[in-house]
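In: Quick one: sequence plus predicted model below, questions after.
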Amino acid sequence: MTVLIAYRFENGVFMVADKKQSNLSFGGDHVGTYTLGEKITSLHPSMLMGTAGVGLGNHIRGLMTFILNTQEDLNNQEAMNDISGTIRQIYNMYKKVNPHIAFDDFVTLIGGYDVENNRAFLYKLTNLNGFKYTGLNEQIIIESPSEEITDIIGEYIAQNMIGLKNIHELVPVCAAAIRSIDHPSVSKETFAIFKFYDGETGNFLDATYEYDKNGIEIEDKNPVTPQ
């Protein structure tokens with residue numbers, strides 16, 4: 001299980017996650033090997049997806065990007081229905097083929113900006129409720145290996161967001177909150193995508209951030225600073 005943080009603000013969303021993808025036994029135990037990878041994807045100019053749990057995330061994010069990215073006028077309701085149905089179908093097939101796997105938690109966070117309704121949105125889909133999308137009114141969602149870790153991260157963010165000049169500055173705070181966690185399934189390396197809708201130009205702006213294990217930013221490809 002990873003740490004995945006999503007934050008909804010007036011004009012968009014950002015997501016931050018650790019990069020550790022642990023190899024697990026059939027019983028869900030860590031076998032001691034892992035890779036580092038991105039767990040957040042821009043599905044569409046208006047939408048992000050982050051995943052945590054069983055190793056389906058890369059495949060599902062890639063598939064949904066292929067399906068949605070070419071749609072210029074994306075209807076948010078229809079897109080969420082398609083995402084929900086696709087995840088449910090793939091997850092059920094995975095469970096059917098692999099009934100012996102004990103660790104089967106899977107969580108997806110979808111966030112972005114709905115131009116048609118002029119609002120940012122943030123949804124949570126999980127196998128625990130059949131991947132129905134919920135969480136529209138939540139400003140922040142934190143997924144982690146335990147409730148205790150979730151509380152620690154939430155408290156860290158609350159304490160360190162005081163005095164920030166804009167939402168942009170909250171991204172490295174969330175990355176630092178993840179680095180504060182010592183857990184076998186959570187890496188110190190982090191990756192983030194920030195998505196912002198510019199109402200004056202009608203354009204979506206993305207910024208991608210990657211931090212090493214010491215919190216040093218590796219690259220900032222498209223920096224934006226919303227007011």
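Out: Good, I have the coordinates.
In: From now on I want contacts and neighbour counts done on CA atoms only, so please keep to that.
Out: Fine.
In: How are the helices of this structure distributed by residue range?
Out: In the chain, the helices defined using DSSP state H lie at 57-68, 76-97, 147-160, 170-179.
In: Name the surrounding residues that touch the last one.
Out: Think helix 170-179. With contact meaning C-alpha atoms under 8 Å, 6 or more residues apart in numbering, helix 170-179 is reached by 3, 5, 14, 16-18, 153, 156-157, 160-161, 164, 186-192, 194, 211, 213, 215.
In: Quick check, pLDDT for the closest residue to Thr41 other than its chain neighbours.
Out: Residue nearest to Thr41 in three dimensions, not counting chain neighbours: Met49, with 5.3 Å by C-alpha to C-alpha, 6 or more residues apart in numbering. We have a pLDDT of 97 for Met49.
In: Likewise for Asp105?
Out: Listed pLDDT for Asp105 reads 89.
In: Show the contacting residues for it.
Out: For Asp105, counting by C-alpha under 8 Å, 6+ apart, the contacting residues are Gly53, Val54, Thr126, Asn127, Leu128.
In: can you rerun that using 7 Å?
Out: By C-alpha atoms under 7 Å, 6 or more residues apart in numbering, the contact list for Asp105 reads Gly53, Val54, Asn127.
In: What count of nearby residues applies to Lys165?
Out: Lys165 has 11 neighbours, counted by other C-alpha atoms under 10 Å.
In: Could I get the contacting residues of it?
Out: So Lys165 contacts nothing (C-alpha under 7 Å, 6+ apart).
In: Give me the phi and psi angles of it.
Out: Backbone geometry at Lys165, expressed as degrees, to the nearest 10, gives phi -80, psi -30.
In: okay, stretch 166-179 in CSV with CA atoms only?
Out: Extracted C-alpha coordinates of stretch 166-179, given in CSV (Å, rounded to 0.1, in the frame of the first residue of the first chain):
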residue,chain,number,x,y,z
ASN,A,166,-0.4,29.9,-2.4
ILE,A,167,-1.6,26.4,-3.1
HIS,A,168,1.5,25.8,-5.2
GLU,A,169,3.7,25.8,-2.1
LEU,A,170,1.6,23.1,-0.5
VAL,A,171,2.9,20.4,-2.9
PRO,A,172,6.4,20.1,-1.3
VAL,A,173,4.8,20.1,2.1
CYS,A,174,2.8,17.0,1.2
ALA,A,175,5.9,15.4,-0.2
ALA,A,176,7.7,16.1,3.0
ALA,A,177,4.8,14.6,5.0
ILE,A,178,5.3,11.4,3.0
ARG,A,179,9.1,11.4,3.7
